[in-house]
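Chemist: My questions are about this predicted structure, shown below with the sequence.
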Protein chains: 2
Amino acid sequence: MTVEEGRRPVLADVARVAGVSHQTVSRVVNGADHIRPATRDKVLAAIDELGYRPNTTARALVRGRSGIIGVVATAAVEFGTASIERTIELAASEAGFLATSVNLPELTPKAFARAAEHLRTLGVEAVVMVVGHDEALRLARAQTVGVPVVIAQGDLGEGAAGVGVDQVAGSRAATRHLLDLGHRAVVHVAGPLDWAEARARLEGWRATMHEAGLAAEDPLVGDWSSQSGYEAGLLLRDRPDVTGVVAANDQMALGVLRALHETGRRVPHDVSVVGFDDIPEAGYLLPPLTTVRQDFAAIGRRAVETVRHLVDGGSPEPAPLLVPELVVRESTAPPTRPRRTPA
Amino acid sequence: MTVEEGRRPVLADVARVAGVSHQTVSRVVNGADHIRPATRDKVLAAIDELGYRPNTTARALVRGRSGIIGVVATAAVEFGTASIERTIELAASEAGFLATSVNLPELTPKAFARAAEHLRTLGVEAVVMVVGHDEALRLARAQTVGVPVVIAQGDLGEGAAGVGVDQVAGSRAATRHLLDLGHRAVVHVAGPLDWAEARARLEGWRATMHEAGLAAEDPLVGDWSSQSGYEAGLLLRDRPDVTGVVAANDQMALGVLRALHETGRRVPHDVSVVGFDDIPEAGYLLPPLTTVRQDFAAIGRRAVETVRHLVDGGSPEPAPLLVPELVVRESTAPPTRPRRTPA
DNA sequence: ACCGTGAATGTTAGCGTTCACAATCGTCGC
DNA sequence: GCGACGATTGTGAACGCTAACATTCACGGT
């Protein structure tokens, strides 16, 4: 609000102007007790006059805390991951942390080692993993000794800290929806099975099918990309009985949509398709995609809360799972003429 | 590589082990000249033995440089923005910087003021704007006095530093493509006109149309979202003569695709559609979308290079524009029966 | 009036680095 | 064979802040 006078003012400058010791200024800035109101006002006035702003670096140094949270993600830009990162950054800054991301160009131990090295030199106080990849998670816990690792999405086995999303419930809802519509031959296009989310979604589908007394075998497996969904969709050429598809994410669902179209099957007339995530485009695909919406913002927020808790010395506490929600659009409908799965 | 012994080793620890002064260790770490090879080896051995890693915070403090680059983006997750951010983070870390993003939940001066305040307390050394929004850019230059502002995408008017993408050329290529196919009535679905990219793309379309002696009036204006593209597409109901659409991004193109489908016009049989950006899903839409690909990674990389240059005291230098590339897919085809625009 | 007590403020040390300035050492020229 | 000069290494003081430990002051109880 005021003129710049060459260099940035420091605590001592404020102290001089306010006629108090630098320590008193520090107390005011940090909201300590036992400050006479008159003194506080003088200091605040001086701060305002000089446009003082505490030096984060110096503070970090003396406190022995960097205030940095490392976020580990894949290099591929996916809607969910990106949303979570955004929210983490926001929540972190509100909590007085600084979030920074590091990307894994590929899911190899080497790539991860590089990332971990980077996080270490940064002196991060905690790591949030937004990749649910098993090996990456394992390495994260092994290599970032000393700092808490929080898992956003993914499997929270063995007392690991993280944000749980009930992927199984989401996948169940999707499958249930198709069964309720009357479908019987419902296949699953899974994500890579070394991702916990992929396994959970597979599991939800399988369990629901079994409970309905239906076969749930040979899921098609993709890699989260539209391309892989497309390829999986083409394989359905050999499965004319199939009338329902549950894809483990929207990108793959979108690829399936295209493959079905190319192979002459109409959606939802001949085949119904459900996705997962509810990407912003989902409602504008042809046809608009029924999908399972996840609250990515909530995941990010909770991840930061957990980080806060752990950094303050807390121990991992199980939090209630976030439950994703089915969003029904036009890509699902009752089967035109019910068929039964071949014996 | 070695055991942890309670606290993190510091320069002095290494010095003691190596039997030299802390300054010598500092020199080795920073690759200074005039170190006897034998000494250097001793020091390196000690570093390795202790697993020493310089403390970024202390270094930042004494150097008077935070090493932090602030990246300003909108809160909406768009493919382009997100890709650029990823690359910036990567390039920044390679250049010894730490990138962190701050998001604008809305494009208001107030939201921006908050963001700027955050960047200021962080002590960022430079700001990279990945929003091409005029007002945001103006505020960025006004409010972050002292630190260089680099614009990734967007208008680089008046000696502003940034990464130039030849949006006009991209848009021209898209329009040209449709004209070459034989289309005459080609409309544009523009982005919000307070974004420089949107204006440039509009301009490329308009100029190309004019050069071909065709009318280029009343662009439809969206807000980058699929929703707005969809709404724009519905308006085309009243324009049966239109056989070509150039959308200012892929999301809007996707919305147009859907609107055309709903209003009974086939793509590309009745209408050809071109998008902009080449989102990963573009090739799997119905039909696969012809679009203009931007090299977002290059944008991010260049942005960081520019930051480096400016932080070292350089002055903004004009760099060659990046030229986007047309990717032809199935959403464009020659018009079935050529029409002329109504008089 | 004296001391204890707690509130309010000040003083002194660092935190782990780098910078600026010595100090030391060897080697070369004459 | 001595001083110079450059190469090499060391010493002390910051950087801006907070933690820990004084110190000062006012006031109530005895």
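Modeler: Good, I have the coordinates.

Chemist: CA only for contacts and neighbour counts going forward, please
Modeler: Fine.

Chemist: What count of nearby residues applies to residue A:37?
Modeler: A count of nearby residues for residue A:37, using other CA atoms under 10 Å in any protein chain shown, gives 9.

Chemist: count of residues packed around the closest residue to residue A:269 other than its chain neighbours?
Modeler: Spatial nearest neighbour of residue A:269, excluding adjacent residues (CA to CA, 6 or more residues apart in numbering or on different chains): residue A:336 at 6.3 Å. When neighbours are counted by other CA under 10 Å, residue A:336 registers 13.

Chemist: Quick check, residue A:336 in contact with residue A:267.
Modeler: No. Taking CA atoms under 8 Å as the contact criterion, residue A:336 and residue A:267 are not neighbours in contact, 10.9 Å apart.

Chemist: What are the contacting residues of the helix or strand of chain A with the lowest mean pLDDT?
Modeler: Sorting the helices and strands of chain A by mean pLDDT, DSSP states H and E puts strand A:161-163 at the bottom, at a mean of 83. Residues outside strand A:161-163 that contact it (CA atoms under 8 Å, 6 or more residues apart in numbering or on different chains) are A:149-153, A:156, A:299, A:302-303, A:306, A:316-319, A:321.

Chemist: swap in stretch A:201-218?
Modeler: Here stretch A:201-218 makes contact (CA under 8 Å, 6+ apart) with A:167-172, A:174-176, A:184-188, A:190, A:219, A:246, A:248.

Chemist: Count the neighbours of the residue of the stretch 1-150 of chain A found nearest DNA strand C for me.
Modeler: Here the residue of the stretch 1-150 of chain A nearest DNA strand C is residue A:34; by CA to the nearest atom of the strand that distance is 2.8 Å. Around residue A:34 there are 9 other residues, counting by other CA under 10 Å.

Chemist: cool, and residue A:320?
Modeler: 10.

Chemist: now the one 5 residues further on
Modeler: In terms of burial, residue A:325 registers 19 neighbours under the definition other CA under 10 Å.

Chemist: and it, what does it touch?
Modeler: Counting by CA under 8 Å, 6+ apart, residue A:325 has contacts A:170, A:173, A:292, A:293, A:294.

Chemist: Now do the same contact list for the residue nearest to residue A:122 when sequence neighbours are not counted.
Modeler: What sits nearest to residue A:122 in space, not counting adjacent residues and going by CA to CA, 6+ apart, is residue B:56, at 6.3 Å. The neighbours of residue B:56, taking CA under 8 Å, 6+ apart as the test, are A:121, A:122, A:123.

Chemist: And residue B:56, how far from residue B:96?
Modeler: 10 Å (CA to CA, to the nearest Å).

Chemist: ok, back up a step: list the pairing partners of the least confident helix or strand of chain A within its sheet, with orientation.
Modeler: Counting by DSSP bridges, the strands paired with strand A:161-163 are strand A:149-152 (parallel).

Chemist: now, which of the contacts of residue B:56 sits nearest residue B:252?
Modeler: Nearest to residue B:252, judged by CA to CA, of the contacts of residue B:56 is residue A:122 at 39.6 Å.

Chemist: So which of the contacts of stretch A:201-218 belong to strands?
Modeler: The members of the contacts of stretch A:201-218 that map onto strands under DSSP state E are A:186, A:187, A:188, A:190, A:246.

Chemist: Identify, from those, the entry nearest to DNA strand C.
Modeler: Of all these, the one with the least separation from DNA strand C (CA to the nearest atom of the strand) is residue A:190, at 46.4 Å.

Chemist: if we can go back for a sec, starting at the chain centroid, how far to the least confident helix or strand of chain A?
Modeler: 11 Å (CA atoms, centre = their mean, to the nearest Å).

Chemist: What strand or helix carries the residue in the stretch 51-200 of chain A that chain B sits nearest to?
Modeler: Here the stretch 51-200 of chain A gets closest to chain B at one residue, residue A:100, 5.1 Å apart by CA to the nearest CA. According to DSSP states H and E, residue A:100 maps onto strand A:98-104.

Chemist: Check residue A:204 too.
Modeler: Assigned by DSSP H and E, residue A:204 falls in helix A:196-211.

Chemist: same thing with residue A:45?
Modeler: According to DSSP H and E, residue A:45 maps onto helix A:37-50.

Chemist: That helix: what's the following helix or strand?
Modeler: Immediately after helix A:37-50, counting by DSSP H and E, sits helix A:56-63.

Chemist: Spatially nearest residue to residue A:35 (excluding sequence neighbours)?
Modeler: residue A:28 (7.4 Å).

Chemist: How many residues are close by the one you found?
Modeler: Neighbours of residue A:28 using other CA under 10 Å come to 18.
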